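Trainee: here you go, sequence then predicted model.
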Amino acid sequence: MTPFHRVKLAFMVAAFLSFVLSVSLWFLVDRELGLFVGLWVPAIHSLGTLVLVGEDRT
């Protein structure tokens with residue numbers, strides 16, 4: 001597995017775990033907290049895209 005794919009996988013796993021945490025919080029704890037954590041998913045994907053585009057240029 002190349003370093004590029006490892007970084008990509010790490011961001012995908014982080015986003016998936018954030019999604020699972022968000023859904024769990026939504027149903028089990030507090031809807032607002034679930035929404036807050038749910039906003040992390042697109043932020044993680046955006047950060048991953050920026051990092052991977054930077055990796056692609058080098």
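Mentor: Great, that's in hand. Residues are numbered from 1 along each chain as shown.

Trainee: not counting residues beside it along the chain, what's closest to residue 8?
Mentor: The shortest distance from residue 8 to any non-neighbouring residue, by CB to CB, 6 or more residues apart in numbering, is to residue 52 (6.1 Å). (C-beta placed from N, C-alpha, C; glycine too.)

Trainee: tell me the secondary structure for the one you found?
Mentor: With DSSP: H, G, I helix; E, B strand; the rest coil as the basis, the three-state label of residue 52 is helix.

Trainee: what about it, how many residues nearby?
Mentor: By the criterion of other CB atoms under 10 Å, residue 52 has 14 neighbours.

Trainee: looking at it, it is touching residue 6, isn't it?
Mentor: No: Residue 52 is beyond contact range of residue 6, at 11.1 Å (criterion: CB atoms under 8 Å).

Trainee: please tell me how far the residue nearest to residue 8 sits from residue 23.
Mentor: Going from residue 52 to residue 23 by CB to CB, to the nearest Å gives 26 Å.

Trainee: repeat that for residue 39.
Mentor: Distance from residue 39 to residue 23, by CB to CB: 13 Å.

Trainee: how about the contacts made by the residue nearest to residue 8?
Mentor: In this structure, residue 52 makes contact with 4, 7, 8, 11, judged by CB atoms under 8 Å, 6 or more residues apart in numbering.

Trainee: dump these to a markdown table, plus pLDDT, secondary structure and distance to residue 31.
Mentor: What follows is the contacts of residue 52, written out as a markdown table (pLDDT from 0 to 100; DSSP: H, G, I helix; E, B strand; the rest coil; distance: CB to CB, whole Å):
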| residue | pLDDT | secondary structure | distance to residue 31 |
| --- | --- | --- | --- |
| 4 | 89 | helix | 37 |
| 7 | 92 | helix | 33 |
| 8 | 94 | helix | 31 |
| 11 | 96 | helix | 26 |
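
Trainee: may I see the buried residues of the helix or strand harbouring residue 24?
Mentor: Using DSSP states H and E, residue 24 maps to helix 3-28. Going by neighbour count (16 or more other CB atoms under 10 Å), the buried part of helix 3-28 is 8, 11, 14, 15, 18, 21, 22, 25, 26.
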